[in-house]
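with the sequence up front, the predicted model follows.
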Amino acid sequence: MATYFMFGNYSAEALKEISSERTTKAVSIIEKFGGKVKSIYALLGEKDLVLIIDFPGIEQVMKASIALNKLMGISFSTSQAIQVEEFDKIMQDV
């Protein structure tokens, strides 16, 4: 499983639908596509949300991102992440 950060921005319509029920549905969609939610944060600033999730691969992340956009009206940009210790190991011979 790889870790991904999904940064979201609410549309005007999506803001009207904020609820714990919708969050539960979002988690279900992520799980449907093989993902596991590590944490979800609401943000101040340029992005409105960040979801920290594990997925088996990029295809599953793409499917979940599109499904979440359809359900929630939130557009996501996604970045794969690795822990800094792993990054340091990779960079040892650079």
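Here it is on my side, so go on. Residues are numbered from 1 along each chain as shown.

contacts and neighbour counts: CA atoms only from here.
OK.

you'd agree Asn69 is up against Ser75?
Yes: contact criterion C-alpha atoms under 8 Å: Asn69 and Ser75 qualify, at 5.6 Å.

show residues contacting the longest helix along the chain.
Longest helix in the chain by number of residues (criterion: DSSP state H): helix 58-72. Helix 58-72 has contacts (C-alpha atoms under 8 Å, 6 or more residues apart in numbering) with 14, 17, 22, 26, 29-30, 33-35, 55, 74-76.

from the residues you listed, which land in strands?
Filtering the contacts of helix 58-72 for membership in strands, criterion DSSP state E, returns Phe55, Ile74, Ser75, Phe76.

of those, which pair is most distant in space?
Phe55 and Ile74 (19.5 Å; C-alpha to C-alpha).

tell me the helices and strands packed up against the helix or strand bottoming out on mean pLDDT in the chain.
Among the helices and strands of the chain, helix 12-16 carries the lowest confidence by mean pLDDT, DSSP states H and E, at a mean of 88. Contact partners of helix 12-16 among helices and strands, from 3 or more C-alpha pairs under 8 Å, 6 or more residues apart in numbering; DSSP states H and E: none.

in that helix, which residues are buried?
In terms of neighbour count (16 or more other C-alpha atoms under 10 Å), helix 12-16 has no buried residues at all.

contacts for that helix?
For helix 12-16, using C-alpha under 8 Å, 6+ apart, the contacting residues are Met72, Gly73, Ile74.
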